[in-house]
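Visitor: I'd like to go over a predicted model; first the sequence, then the structure.
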Amino acid sequence: MQLSQLKGLTLAQEEALDLSKLGVVTISIGVAVWRPGDSRKSLVARADQSMYQAKKGGRNQVVAEASSIISPPT
(Lines give C-alpha, C1' and ligand atoms only; values in the text may rest on other atoms or scores of the structure.)
Protein backbone atom coordinates (compact mmCIF):
# COMPACT_ATOMS: atom_id res chain seq x y z
CA MET A 1 0.00 0.00 0.00
CA GLN A 2 1.37 3.41 -0.97
CA LEU A 3 1.50 6.30 1.49
CA SER A 4 -0.96 8.22 -0.67
CA GLN A 5 -3.43 5.36 -0.25
CA LEU A 6 -3.20 5.55 3.56
CA LYS A 7 -4.79 9.00 3.64
CA GLY A 8 -8.42 8.79 4.64
CA LEU A 9 -8.27 5.35 6.26
CA THR A 10 -10.44 4.89 9.29
CA LEU A 11 -8.84 3.82 12.56
CA ALA A 12 -10.26 0.31 12.13
CA GLN A 13 -8.74 0.07 8.64
CA GLU A 14 -5.38 1.28 9.92
CA GLU A 15 -5.41 -1.34 12.67
CA ALA A 16 -6.17 -4.03 10.10
CA LEU A 17 -3.05 -3.27 8.03
CA ASP A 18 -0.49 -6.09 8.03
CA LEU A 19 2.78 -4.44 9.02
CA SER A 20 4.61 -7.70 9.76
CA LYS A 21 6.63 -7.44 6.56
CA LEU A 22 8.28 -4.22 7.70
CA GLY A 23 10.73 -5.97 9.99
CA VAL A 24 12.34 -3.97 12.78
CA VAL A 25 11.20 -0.37 12.96
CA THR A 26 13.11 2.23 14.95
CA ILE A 27 12.44 5.90 15.55
CA SER A 28 14.79 8.77 16.25
CA ILE A 29 13.33 12.18 17.02
CA GLY A 30 15.08 15.52 17.17
CA VAL A 31 13.47 18.44 18.97
CA ALA A 32 14.17 22.15 18.56
CA VAL A 33 12.31 25.13 19.94
CA TRP A 34 11.49 28.18 17.87
CA ARG A 35 13.50 31.23 18.90
CA PRO A 36 12.72 34.84 18.02
CA GLY A 37 14.32 35.59 14.67
CA ASP A 38 14.38 31.93 13.57
CA SER A 39 13.56 31.03 10.02
CA ARG A 40 11.87 27.74 9.22
CA LYS A 41 15.16 26.62 7.73
CA SER A 42 17.21 27.33 10.89
CA LEU A 43 14.60 25.68 13.14
CA VAL A 44 14.49 22.55 11.00
CA ALA A 45 18.30 22.48 10.78
CA ARG A 46 18.58 22.40 14.59
CA ALA A 47 15.89 19.71 14.86
CA ASP A 48 17.71 17.74 12.18
CA GLN A 49 20.99 17.97 14.12
CA SER A 50 19.20 16.67 17.22
CA MET A 51 17.68 13.81 15.21
CA TYR A 52 21.10 12.71 13.96
CA GLN A 53 22.40 12.81 17.53
CA ALA A 54 19.52 10.50 18.49
CA LYS A 55 20.43 8.10 15.68
CA LYS A 56 24.09 8.19 16.64
CA GLY A 57 23.15 7.49 20.26
CA GLY A 58 21.56 4.17 19.37
CA ARG A 59 18.19 5.00 17.82
CA ASN A 60 14.82 4.78 19.57
CA GLN A 61 15.58 8.05 21.34
CA VAL A 62 14.35 11.61 21.52
CA VAL A 63 17.05 14.27 21.65
CA ALA A 64 16.31 17.93 22.31
CA GLU A 65 18.80 20.65 21.54
CA ALA A 66 20.42 21.72 24.79
CA SER A 67 19.18 25.30 24.48
CA SER A 68 15.57 24.10 24.17
CA ILE A 69 15.48 22.76 27.70
CA ILE A 70 13.55 25.22 29.80
CA SER A 71 14.13 25.40 33.52
CA PRO A 72 11.01 25.17 35.67
CA PRO A 73 9.95 28.36 37.45
CA THR A 74 11.35 28.78 40.93
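Guide: Here it is on my side, so go on.
Visitor: avg pLDDT for stretch 29-47?
Guide: What stretch 29-47 shows for mean pLDDT is 93.
Visitor: Can you measure across that stretch, start residue to end residue?
Guide: With C-alpha to C-alpha, to the nearest Å applied, stretch 29-47 spans 8 Å between its terminal residues.
Visitor: which parts of it are buried?
Guide: Residues of stretch 29-47 classed as buried: 30, 32, 46, 47 (neighbour count, 16 or more other C-beta atoms under 10 Å). The C-beta positions use only the backbone N, C-alpha and C, and glycine is treated the same way.
Visitor: Show residues contacting that stretch.
Guide: By C-beta atoms under 8 Å, 6 or more residues apart in numbering, the residues outside stretch 29-47 that reach it are 48-54, 61-65, 67-68, 70.
Visitor: Return the subset of those lying in strands.
Guide: Judged by DSSP state E, the subset of the contacts of stretch 29-47 located in strands is 61, 62, 63, 64.
Visitor: which stretches of this protein form helices?
Guide: Residue ranges of the helices in the chain, as given by DSSP state H, are 3-6, 11-16, 40-56.
Visitor: I'd like the ones in strands among the contacts of stretch 29-47 as CSV, with pLDDT appended.
Guide: Compiled in CSV, the ones in strands among the contacts of stretch 29-47 are given as follows (pLDDT from 0 to 100):
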residue, pLDDT
61, 93
62, 93
63, 93
64, 92
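Visitor: As TSV, these with distance to residue 20 and neighbour count would be great.
Guide: Converted to TSV, the ones in strands among the contacts of stretch 29-47 look like this (distance: C-beta to C-beta, whole Å; neighbours: other C-beta atoms under 10 Å):
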residue	distance to residue 20	neighbour count
61	25	17
62	26	12
63	29	20
64	33	18
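Visitor: Quick check: of those, which lies closest to residue 24?
Guide: Checking the ones in strands among the contacts of stretch 29-47 against residue 24 by C-beta to C-beta gives residue 61 as the nearest, at 15.3 Å.
Visitor: ok, the closest one to residue 50 distance?
Guide: 10 Å (C-beta to C-beta, to the nearest Å).
Visitor: Residue 60 against residue 24, yeah?
Guide: No. Counting by C-beta atoms under 8 Å, residue 60 sits too far from residue 24 to count as a contact (10.2 Å).
Visitor: Having no further points to raise, I will conclude here.
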